[in-house]
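**Student:** model this:
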Amino acid sequence: MARKKKSWKELPPAARIGTIVIGAAQLAFLAAAQRDLSRRPAEQIRGSKMFWRLATLVNFIGPGCYFAFGRKRLPAVTRK
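**Tutor:** Got it, this is the predicted structure:
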């Protein structure tokens, strides 16, 4: 027995707010990854920029993978 999908108007207010919050977080994460890609030199990125630009379009997984695996770690700056 298939369930009928609920329309936006049929969702409870908490579900609507949750959907909006998760959507906004997704867009912010995507924007942060794209901005970092734009500002970071290609030498500091593992793989091509075009690959990572496309990969970041995959919901939370793409930007998360970029931040975890796509950026090269810079040596720590030591202050004396």
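**Student:** Can you tell me how far residue 49 is from residue 77?
**Tutor:** 25 Å (Cβ to Cβ, to the nearest Å). C-betas here are computed from N, CA, C, even on glycine.
**Student:** again with residue 31
**Tutor:** 27 Å.
**Student:** show me the contacts for residue 21.
**Tutor:** By Cβ atoms under 8 Å, 6 or more residues apart in numbering, residue 21 lies in contact with nothing.
**Student:** Pull out the buried positions in the helix or strand that contains it.
**Tutor:** Using DSSP states H and E, residue 21 falls within helix 13-39. Residues of helix 13-39 classed as buried by neighbour count (16 or more other Cβ atoms under 10 Å): 29-30, 33-34, 36-37.
**Student:** Pick the one among those closest to residue 7.
**Tutor:** For the buried residues of helix 13-39, the residue nearest residue 7 by Cβ to Cβ is residue 30; the value is 26.3 Å.
**Student:** Is it correct that that closest one is in contact with residue 58?
**Tutor:** No: here residue 30 lies out of contact with residue 58, judged by Cβ atoms under 8 Å, at a distance of 9.6 Å.
**Student:** ok, how many other residues are close to residue 61?
**Tutor:** Residues lying near residue 61 (other Cβ atoms under 10 Å) number 10.
**Student:** List the residues that contact it.
**Tutor:** Contacts of residue 61 by Cβ under 8 Å, 6+ apart: none found.
**Student:** Would you mind measuring from it to residue 13?
**Tutor:** 29 Å.
**Student:** Kindly report the same for residue 30.
**Tutor:** 26 Å.
**Student:** Ok, residue 34 next?
**Tutor:** Distance check for residue 34 against residue 13: by Cβ to Cβ, it reads 32 Å.
**Student:** Same check on residue 38?
**Tutor:** From residue 38 across to residue 13, the span is 37 Å (Cβ to Cβ).
**Student:** that older thread, neighbour count winner among residue 49 and residue 77?
**Tutor:** For the pair residue 49 and residue 77, the greater number of neighbours falls to residue 49 (14 against 5), based on other Cβ under 10 Å.
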